[in-house]
Each structure stands twice: as C-alpha cells, then as structure tokens.
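S.K.: the sequence isn't on hand, but the structure is:
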C-alpha cells in the first residue's frame, strides 16, 4: 500500500536513474554551475537514505548515491533567519549580526551570491529569504516569499508554495543566458509549519494518500518524564517550544496527523528536487553543476516534549547535507562522511567550486577536500553553537554549546546554567552530568575550550 501511495507523486516525476546522475570521468573545468536545494525545518534523518523508516525521498536518495552524504552536518544557530544569514555569509551569528530575522551586517559583496555575480555568474534566488527586506536588485532573478503553504494566483486559483518554488526554479533554468555560469538558491518553505493555521502542515491533495496506513514511530524521549528533566525555564508551559508541542503533538492522534503531513511536505520537496535535477540533465549541464541539498535547522518531532528548534539538542541542530560534485571520481561516489560539517562551510565550498577565493571574513572551510583530496585533511572535531534570546527568556531563552560527537557542553547564559552530556552512552541527551564529580575534569576542559571558540566566533 505504501508503494502504491508513493506512486501518486513518484509517477509524475521524471525519475533520474543512477547512471543519469553519474558524472563523467573527465573532471569539468571551473567555474562550475551551482544549485543549492535548501529545505526548511528538515532535520538530518528525514531521508530514506538516512534510515528513516517512514518518509520516502527517492530523488534525494539517488542524489546521495552519486555524491557524498554528511551524517554530522550542523547549523551554528538553529533558527530560520540566522541560519540563512550564515549560509550566505559563511559566518557565525556573532559576526554577521542577524540575531533573528533582520538583515545581516556583512557587506553584500562578501556573500557568495554577491561574489558570484561580480565574477560573471547569472545569480538567482527563489523562495524563502528571512533576512530583512529582500534585495531583489542584487539578483539577476529574484523571487522571495514564504509563510503560508497556499497562495491565491491572479486568476483566482490557488498554488502550493512548493509548486510555486518549482515553477520559479524552472523558469530560472529555462530562461537563463547559456553563455554564463549560473547559481540558483532554491529556498523551499516546506517542511516549515504554517504557524497561524491550526492544521500546521498543509500538503497538496495528491499527497494525501501517502503514509495513510503508516503508523509513525513515536520518539523514545517524547514523554512527560523527559520533558521534566529539562531545565525549569524550558520545562514549563510558557516556553514557545512547549507551546508549539501543544499545537502539534499533545495527543497520539494529533501526533500521527501532524507527522504524516510533515512527511508529505518532505516528499513533495523531494519530487521537486527530482524535477529540477531532471531539467539540468535535459539541458546537458548536470555534470557541470555542483548540487547541494541541506536545510536551515533541525526540528523536534516531540522529543523531550518539545516542538520546533532553537536549542542545542541533536534533533534541533543537525541537518541533512548531500553534495553532488561532478569533480568526484566514479569510484568515490555514494560515500558517507561522518566529519563535522557546518552551514558556514557552504559559502567557501561554493566559491572554491567557482574558482573564487573566499573573503578573509568567512569563517567556514571548503568541504571539497573531504571528498576530493587523496589524503584526508586535518579537520575539526568540535564547534561553538549559539542562539540569542528571542522576545524574552520565557519565550525562547538564549543558548550556547560546545558540540563534539562524543560530548556536548550546554551553557544557558540568561541563567548561568551549565549542562554536560556524554553522547556515547546518552545519545538522547537526558542525563546531565555537569554536577557529577566524576566528570569535573571533563567539564572544566570543555568550559575552557567553549570560551576559546566563542571568542573566535566573534
């Protein structure tokens, strides 16, 4: 039944075969074209190829087969606007200055779209912006919109935001000048909820048969006990993450309805990604195009009794990252990389693929040596996470962290509270060891390193 349901969407998608996605053995000359497929509120495990037992993402799975999938990709701030500013600037929030949804302070000439356009690229942005007023004048093709799932068109008909994303992306690709390299950032609104709508997630009608007869597994930590283990300034009914949990997940029936619709939105994004990739193949430029699929932040699916993002937990800060680079040799495609990749790494990676030197102010690193170099480069094993207080400490308090794959140090600056989690034995971050005498040496070392990386971010 599930496969039949999936055919509702998959049957109308131009499915790329693995051979069609494979690049030629001859490395393409720079500059590469650039395509960024940028999902919203899409956490790292919302992919079939990442082992999700429910969601179907065949096109993104095929993209991963022909590139590299990073299993430990993180954002440096888990909120829409700030993370998007970090994508464009290659900088931590502390440097680019957007602490919520305002314009970032970094000069446009030092962003990847600005640098690409100044170096002869035809540059487009489609979809969500969330960094103040959209600077349409800085793009050759710019259309910014988000916030709702359905739009009324001039003829009175309605169009879904993901279909609108697709139409605009196709127009960009089909009308672009063919004598210039191009860069398109396709910034989906899905899978973000429509916050003001009680239904929250509103997929297209043809998707409603998807997952109809599936029971979505409930997370291990989606319990009141796990919620009560959180600090009291989170574990209360005023906190916005708890408020939104009530919107979406506070009954078993609501949980199933919301998660199925969330996954339907994800499958719709996957279908659009498939069509866009098929268009690149049809135009004969797929093997000259760097393709990146990622997201702006993770998402609580009820874990810890919470919804949305913001805080330093794994569910909130880990995002999918698939890179299909035509410079990869055939024998290296389909690899999985577990190094720590960050959203601030994407701008320098894009610029390097275009043959443009990243500005000194960019704080990320080019990811390409991790999958192209004969010898693996020395790489980070930790990073500093930051999120500003939003509206009030009751609404969304500030949070910071030192993140490693084995250990994580939380700091809540509004309250001066430290937490410590051993991810090797406690992957769900339930048991705070900050006051355990046996961990005194560990927390002292991490506290010092946390302060060093926090200073470096600024």
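M.R.: Structure's in. What do you need? The structure displayed is predicted, hence computed values, not measured ones.

S.K.: my guess is residue 69 meets residue 339, correct?
M.R.: No - the criterion here is CB atoms under 8 Å, and residue 69 misses it with residue 339 at 11.8 Å. Where C-beta positions appear, they are placed from N, C-alpha and C, glycine not excepted.

S.K.: more neighbours: the two, which one.
M.R.: residue 69 (25 against 17; other CB atoms under 10 Å).

S.K.: can you classify that one as helix, strand or coil?
M.R.: Of the three states, residue 69 takes strand according to DSSP: H, G, I helix; E, B strand; the rest coil.

S.K.: check residue 185 too.
M.R.: Applying three-state DSSP: residue 185 is strand.

S.K.: tally up the residues packed near it, please.
M.R.: For residue 185, the count of nearby residues is 26 (other CB under 10 Å).

S.K.: swap in residue 195?
M.R.: For residue 195, the tally of surrounding residues (other CB under 10 Å) stands at 11.

S.K.: for residue 376, same thing?
M.R.: Per other CB under 10 Å, the neighbour tally for residue 376 reads 11.

S.K.: so what's it up against?
M.R.: Residues counted as contacts of residue 376 (CB atoms under 8 Å, 6 or more residues apart in numbering) are 369, 370.

S.K.: distance of it relative to residue 346?
M.R.: Computed with CB to CB, to the nearest Å, the distance linking residue 376 and residue 346 is 20 Å.

S.K.: same deal with residue 340?
M.R.: Plainly put, residue 340 is 14 Å away from residue 346 if you go by CB to CB.

S.K.: between those two, which has more neighbouring residues?
M.R.: residue 346 (25 against 19).

S.K.: off-centre distance for the host helix or strand of the more buried one?
M.R.: Element membership for residue 346 (DSSP states H and E) is helix 346-353. Remark: helix 346-353 is offset 17 Å from the chain centroid, using CA atoms, centre = their mean, to the nearest Å.

S.K.: do the same with stretch 230-250
M.R.: 23 Å.

S.K.: for residue 321, phi and psi?
M.R.: Dihedral pair for residue 321: phi -150, psi 120, per degrees, to the nearest 10.

S.K.: and it, what's its pLDDT?
M.R.: At residue 321, the model reports a pLDDT of 98.

S.K.: out of everything not next to it in sequence, what's closest to it?
M.R.: In space, and not counting its chain neighbours, residue 321 is closest to residue 73: 3.5 Å by CB to CB, 6 or more residues apart in numbering.

S.K.: so the one you found, which state does it fall into?
M.R.: Applying three-state DSSP: residue 73 is strand.

S.K.: who are the packing partners of the helix holding residue 346?
M.R.: strand 33-39, helix 80-89, helix 112-118, strand 289-295 (3 or more CB pairs under 8 Å, 6 or more residues apart in numbering; DSSP states H and E).

S.K.: who's in contact with it?
M.R.: Counting by CB under 8 Å, 6+ apart, 30-32, 34, 36, 87-90, 111-112, 115-116, 183, 290, 292, 294, 323, 325, 327, 357-358, 362, 364-368 sit against helix 346-353.

S.K.: re earlier: the residue nearest to residue 321 reaches residue 341, doesn't it?
M.R.: Yes - between residue 73 and residue 341 there is a contact under CB under 8 Å: 4.4 Å.
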